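J.: pasted the sequence and its predicted model underneath.
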Amino acid sequence: MKIIDELENILDSLKLMDEDNFETEFPKIKERITLTKNEIMLLEKSQFFSKNPAIKEKIVRTTKLISEEYDNKISFWKNKISEISEQLISSRNEKKILSYKR
């Protein structure tokens, strides 16, 4: 099904996203998620999932994987920012110590 394929492609895109392509890829991924979410809502309104529970289950599983991958990316970036912040603080402290020694 097209929606499941798109969700899997979104998941793959999230996995490939890194610091080099974040600024260009994240807005695209976000837009794809929004469009896919709207399609899913239309299917829900038309009672499609009540007739096709297996497809709904596949969509639910894939969206959970997307959510987990997104959370992993956020955690990674939080840790990266913390590391950089600690390095900046350490560098600033070293500069202060050097200025006091003079």
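T.: That came through, no problem.
J.: so for stretch 33-40, mean pLDDT?
T.: If you average the pLDDT over stretch 33-40, you get 96.
J.: using the three-state scheme, assign the residue positioned nearest the centre of the chain.
T.: By C-alpha atoms, centre = their mean, the mean C-alpha position of the chain lies nearest to residue 70, the distance being 2.9 Å. Under DSSP: H, G, I helix; E, B strand; the rest coil, residue 70 falls in the helix class.
J.: just the element for the residue lying closest to residue 19 once chain neighbours are set aside, please.
T.: What sits nearest to residue 19 in space, not counting adjacent residues and going by C-beta to C-beta, 6 or more residues apart in numbering, is residue 80, at 7.8 Å. To be clear about C-beta, it is placed using only N, CA and C from the backbone, and glycine gets the same treatment. Using DSSP states H and E, residue 80 sits within helix 53-101.
J.: give me the mean pLDDT for that helix.
T.: On average, helix 53-101 scores 90.
J.: from the contact counts, what lies against that helix?
T.: helix 2-16, helix 48-51 (3 or more C-beta pairs under 8 Å, 6 or more residues apart in numbering; DSSP states H and E).
J.: my read: residue 63 touches residue 7, true?
T.: Yes. Applying C-beta atoms under 8 Å, one finds residue 63 in contact with residue 7, separated by 6.4 Å.
J.: more neighbours: these two, which one.
T.: Using other C-beta atoms under 10 Å, the more surrounded residue of residue 63 and residue 7 is residue 7, with 23 against 17.
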